[in-house]
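*Asks:* Just the structure for this:
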Amino acid sequence: MSTLKIHTIESAPEESKSQLEASVKSFGMLPNLHGALAEAPGLLQAYKMLHELFQNSSFNAEELTVVWQSINVEHACHYCVPAHTGIAHMMKVDAALTEALRNGEAMPNVKLQTLQDTTLSIVRNRGHISDSEIEAFFAVGYQQRQLLEIILGLSQKIISNYTNHIAKTPVDDAFQKFTWEKSAN
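*Replies:* As a prediction, this is how the structure comes out:
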């Protein structure tokens, strides 16, 4: 089984070097995912842009975490589940919520459960969700904006989850303590 190259700043294509330098400046390290994405400079740029846009969406920290981790767990992303566990801790998200997401357990309230259910329906049905699912989403207080912002988060996660599957991206040292495997339900 071959793995794809995880670039350093020195080995990356010229068009990716400044983006990787910005990653180091932001994170204090070069995330292995960014090193993998660097081979395709446009993909690295798209991922980082989508991440920023989603992080600045109308969702709060808990809701961002529910969307990210629901997708990561559904896609069985060995890299993103630990990374977003660490990110959730940095964002001061309740560890019980993070563990429930990692373990496929119920959300702590109806609003977050509806967000997770809607997110998973969009993922599993490739965007084909029923009117009743949309009505249930709106009934708990979400609006059209948030429904569409789930798609923004999904776009980011498709880039990272699929790249990590193909590249077999090693989990960064900072997130090793959150290593995760999808349980065989």
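*Asks:* Spatially, what comes nearest to the spatially most central residue of the chain if we skip its sequence neighbours?
*Replies:* In the chain, the C-alpha nearest the mean C-alpha coordinate belongs to residue 68, at 4.0 Å (CA atoms, centre = their mean). Leaving aside its chain neighbours, residue 68 sits nearest to residue 84 (4.9 Å; criterion: CB to CB, 6 or more residues apart in numbering). Placement of C-beta: from N, CA and C, glycine included.
*Asks:* Give me the below-cutoff pLDDT ranges for the chain.
*Replies:* When residues are selected by pLDDT under 70, those of the chain lie in 1-2, 185.
*Asks:* before we move on, the earlier item: only the buried residues of the helix or strand containing the residue nearest to residue 68, if you could.
*Replies:* With elements taken from DSSP states H and E, the one containing residue 84 is helix 80-90. Of the residues in helix 80-90, those buried by neighbour count under the rule 16 or more other CB atoms under 10 Å are 80-88.
*Asks:* In those, find the pair that's most separated.
*Replies:* Between any two of the buried residues of helix 80-90, the greatest separation by CB to CB is 11.6 Å, found for 80 and 88.
*Asks:* still on that earlier bit, same for the helix holding residue 84, what does it pack against?
*Replies:* Contacts of helix 80-90 with other secondary structure elements, assessed using 3 or more CB pairs under 8 Å, 6 or more residues apart in numbering; DSSP states H and E, are made with helix 61-74, helix 95-102, helix 144-167.
*Asks:* mind redoing it with 10 Å?
*Replies:* For helix 80-90, the packing partners by 3 or more CB pairs under 10 Å, 6 or more residues apart in numbering; DSSP states H and E come out as helix 32-37, helix 61-74, helix 95-102, helix 144-167.
*Asks:* Now for residue 53: which residues touch it?
*Replies:* With contacts taken as CB atoms under 10 Å, 6 or more residues apart in numbering, residue 53 has the following neighbours: 149, 152-153, 155-156.
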